[in-house]
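*Asks:* Quick check, what structure comes out for this input:
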Amino acid sequence: MKIAEIRAKFPQYKDVSDGELVRALHKKHYSDIPYADFLKKIDFSEKVNPTDGMSWIDKFLAGTGKAVSDVGLGVRQITGNASQEEVDAVKERDKPLMDTGAGMVGNVAGNVAMAVTPGLGVAGTGSALGLHGVRAVGRRVLASPATLGGAATQGALGATQAAVQPVATGESRTGNALIGAAGGAAVPVAGMTIKGVNAATEPLYEAGRNRILARALREATGDNTDTVIQNLKTATPLIPGSNPTAAEVGQSGGLAALQRAAAAVDPEAYATRAAQQNEARVAALQQVSGNGRRGVMEAIRDEGADEMYAAARRLGVNQEMAKALKPQIDNLMQRMPSGVLERAKELARLNGEALDGAGSVNGLHWMKLAVDDMLSAGKQTGIGTQTERALVQFKNDLLSVVDELSPVYGQARQSFAEMSQLPNRMAVGEEIVSRAVNPLTGQVQPQALARALSDDTAVRATGFRGATLANTVEPEKRALLDALKQDVARSVQARDLGRGAGSDTVQKLAMTNLMQQSGIPVGVLHVPGVGRLGNWAYSVADDKMKASLAQALLDPKQTASIMERGAPNHAARRLALILRSGATPIGVGAAPALLDAPQ
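*Replies:* Residues are numbered from 1 along each chain as shown. Below you'll find the model as predicted:
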């Protein structure tokens, strides 16, 4: 029986394949005959589709196997181990399979699997051996970006894979390789085209310009982008009125260089900010110095102390204590440095008083002032260290005796010391101002400020050898000085970090973005005529972006907001990584666009 006759006799099977028809007839009508004998009764001279009766998965697996088999057949043909007849026969045999959707899908999957094998092998070998360069080559093969280099890589892979396919009669291996090259490069080129068109239009509308600025800022900060954004978001003035710029808190050389170039776009705004910062810093120093009130405080102190000293001198010596302390008084008289008594008498005379005896409170008081005078003059005359130490010791012993001879005098000295704390603090502040602020320009000088914030300044301002900033200036004012030092330091650091490149990027934001997004090397901008064309096409857009960038960098939080707009979409990045790991031609070409996709 012929198949056509069977179909005519059993019309209920008209919609099934030949294979299914034969099996159904044997099972339902001829099961008493062995299946092999039954097949012999059927005339199969008519052409039978070998895929009849195969499930979808069977066809898919057969297509996958064909892909692997074809590579082997192609290699054998190239090496002369497979004849043209064999290749033609295989092509003819597999045609029904390749005419099915499942078979074609399986064949594509098989070819993809073989396409990624070299890259996986190279990348895996590099990782296993710790050879980062080898691993990078493997990854490059697996995931070429949408750039000229990526198109070349994918084109070469496509040409290689197509060249090893078996060539049937009438086909050309060279033609196959060219088609494979075109197919491999098509997706990266399409990606370049799509991104290029998008980049070309972005400068023409505000949202697009904001994305360009976001990319420029993120590129400038590189791998530290997330840290820089966090620094910008948490930025605060260290001293009241000194608002920092983005570069001053970002701690990024790239951002500082970008700001330095952007500042040239709006120099007035940045000069105003610098002036405001300097004004705030000078105000902080003036706050420490008391804003010129030291003279008033000293006058109040001196007036109160003079009254108490005068009272002590009028009351005189406690006679009982004078008898008890006679050995100490005699010792002082014996140790009295040469010239002290004479100087004491001269000081008393100049002040309209008479020294009424070295052992009186009044006489001891003038002796103490004479020693102070000698110590003060010694700084200019250069007395020796040992002499100075001996004078200080004599003075301390003298005061110890006086305090016991006259408790009122001791109270006067204690009151004077307490009331001297505030003027001393102000004196230290004034000393810092005089050394740190340029008297001609009123500018705080960073290096001079750093030198002024030392214990030497406290010694010079107060005249006390043991004076320090810590024991002279109260904690609140010391904290203000520390904050001032940090504020100036971060401005200096931003200035120094900003000495790198960045001007060209700012000047040609639109064209730089176009080159980067389309995969064309940025160096093309230096080709004669290209830069001029870009300036003509995007001059207005560039001016707007430069102005926006210059203003944004004055506000760290605004800069952080712009940078966050350019953050990649994490869901898209995960999909891109999946596509790259699969390394299908479409996945490889689509991955770069997904990696750049905004939130």
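
*Asks:* In terms of secondary structure, what does the strand or helix carrying L399 contact?
*Replies:* Taking DSSP states H and E as the criterion, L399 maps to helix 385-405. Judged by 3 or more C-beta pairs under 8 Å, 6 or more residues apart in numbering; DSSP states H and E, helix 385-405 is in contact with helix 319-324, helix 326-335, helix 361-381, helix 407-436. For the C-beta atoms, the positions are set from N, CA and C on the backbone; glycine is no exception.

*Asks:* what comes up buried for that helix?
*Replies:* Buried residues in helix 385-405, defined by neighbour count with 16 or more other C-beta atoms under 10 Å: 391, 394-395, 398-399, 401-405.

*Asks:* What of stretch 65-83?
*Replies:* 66-67, 70-71, 73-74, 77, 82.

*Asks:* thinking again about what came up before, output the buried residues of helix 385-405 as a markdown table; include the columns distance to E418 and pLDDT.
*Replies:* Output for those, formatted as a markdown table (distance: C-beta to C-beta, whole Å; pLDDT from 0 to 100):
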| residue | distance to E418 | pLDDT |
| --- | --- | --- |
| L391 | 25 | 87 |
| F394 | 24 | 89 |
| K395 | 19 | 87 |
| L398 | 21 | 87 |
| L399 | 16 | 87 |
| V401 | 22 | 86 |
| V402 | 18 | 85 |
| D403 | 15 | 86 |
| E404 | 20 | 86 |
| L405 | 22 | 85 |
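
*Asks:* So the chain: which segments form each domain?
*Replies:* Residue ranges for the domains of the chain, per automatic domain parsing: 3-40, 294-491.

*Asks:* can you pull out the helices in the stretch 401-550 of the chain?
*Replies:* In the stretch 401-550 of the chain, the segments counted as helices under DSSP state H, counting those that start in this stretch are 407-436, 446-452, 455-462, 469-472, 475-497, 503-507, 509-518, 530-552.

*Asks:* among those helices, which is nearest L61?
*Replies:* Of all these, it is helix 509-518 that lies closest to L61, at 41.2 Å by C-beta to C-beta.

*Asks:* CSV for the helices and strands packed on helix 385-405, including mean neighbour count?
*Replies:* Formatted as CSV, those follow (neighbours: other C-beta atoms under 10 Å):
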stretch, mean neighbour count
helix 319-324, 12
helix 326-335, 13
helix 361-381, 18
helix 407-436, 19
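
*Asks:* Which among these is found nearest to L39?
*Replies:* Across those, closest to L39 is helix 407-436 (C-beta to C-beta), at 107.3 Å.

*Asks:* Now do the closest one: which elements does it pack against?
*Replies:* helix 267-289, helix 294-315, helix 385-405, helix 446-452, helix 455-462, helix 469-472, helix 475-497.

*Asks:* mind listing what's buried in the first one?
*Replies:* Think helix 267-289. Buried, per 16+ other C-beta under 10 Å, within helix 267-289: 269-270, 273, 277-278, 280-282, 284-285, 287-289.

*Asks:* Next, the angle from that helix to helix 455-462.
*Replies:* Per axes from the mean of the first three to the mean of the last three C-alpha atoms, to 10 degrees, the angle that helix 267-289 makes with helix 455-462 is 60 degrees.

*Asks:* Packing partners of helix 267-289?
*Replies:* helix 407-436, helix 475-497, helix 530-552.

*Asks:* wait, what's in contact with the closest residue to T468 other than its chain neighbours?
*Replies:* Excluding the flanking residues, the one nearest T468 by C-beta to C-beta, 6 or more residues apart in numbering is D455, at 4.3 Å. D455 makes contact with 467-470, according to C-beta atoms under 8 Å, 6 or more residues apart in numbering.

*Asks:* If we use 10 Å, what do you get?
*Replies:* 466-472 (C-beta atoms under 10 Å, 6 or more residues apart in numbering).

*Asks:* List only buried entries from these.
*Replies:* 467-469, 472.

*Asks:* Of the residues you listed, just say which sits nearest to L355.
*Replies:* Once C-beta to C-beta is applied, the member of these that ends up nearest L355 is A467, at 31.0 Å.

*Asks:* Surely that closest one touches V459?
*Replies:* Yes: between A467 and V459 a contact is recorded at 5.0 Å, counting by C-beta atoms under 10 Å.

*Asks:* so what sits against both of the two?
*Replies:* V428.

*Asks:* just to revisit the earlier point, which one, of the domains of the chain, ends up nearest to G53?
*Replies:* Taking these one by one with C-beta to C-beta, domain 3-40 is closest: 3.7 Å.

*Asks:* as a whole number, average confidence for the closest one?
*Replies:* Averaged over domain 3-40, pLDDT sits at 76.

*Asks:* picking up where we left off before, quick one: which two of the buried ones among the contacts of D455 are the most distant?
*Replies:* Every pair of the buried ones among the contacts of D455 checked by C-beta to C-beta; the farthest is A467 and L469, at 8.4 Å.

*Asks:* intersection of neighbour lists for the two?
*Replies:* With C-beta under 10 Å, 6+ apart applied, the overlap between the contact sets of A467 and L469 consists of 428, 455-458, 461.

*Asks:* could you pull out the helices for the stretch 151-300 of the chain?
*Replies:* Going by DSSP H, counting those that start in this stretch, the stretch 151-300 of the chain shows helices at 173-201, 206-221, 225-233, 246-250, 253-263, 267-289, 294-315.

*Asks:* Tell me which of the ones you listed lies nearest to R413.
*Replies:* helix 294-315 (8.4 Å).

*Asks:* by contact count, what packs against the closest one?
*Replies:* helix 361-381, helix 407-436 (3 or more C-beta pairs under 10 Å, 6 or more residues apart in numbering; DSSP states H and E).

*Asks:* Select, out of these, the one closest to R211.
*Replies:* helix 407-436 (44.3 Å).

*Asks:* average model confidence for that closest one?
*Replies:* On average, helix 407-436 scores 86.

*Asks:* same question, stretch 227-241
*Replies:* 95.

*Asks:* cool, and stretch 309-320?
*Replies:* Per-residue scores along stretch 309-320 average to 80.

*Asks:* Now do that stretch: distance to the chain's middle.
*Replies:* Centroid separation for stretch 309-320 versus its chain: 71 Å, with C-alpha atoms, centre = their mean, to the nearest Å.

*Asks:* what does it contact?
*Replies:* With C-beta under 10 Å, 6+ apart, stretch 309-320 has contacts from 302, 322, 324-325, 329, 353, 356-357, 359-366, 402, 404-413, 415-416.
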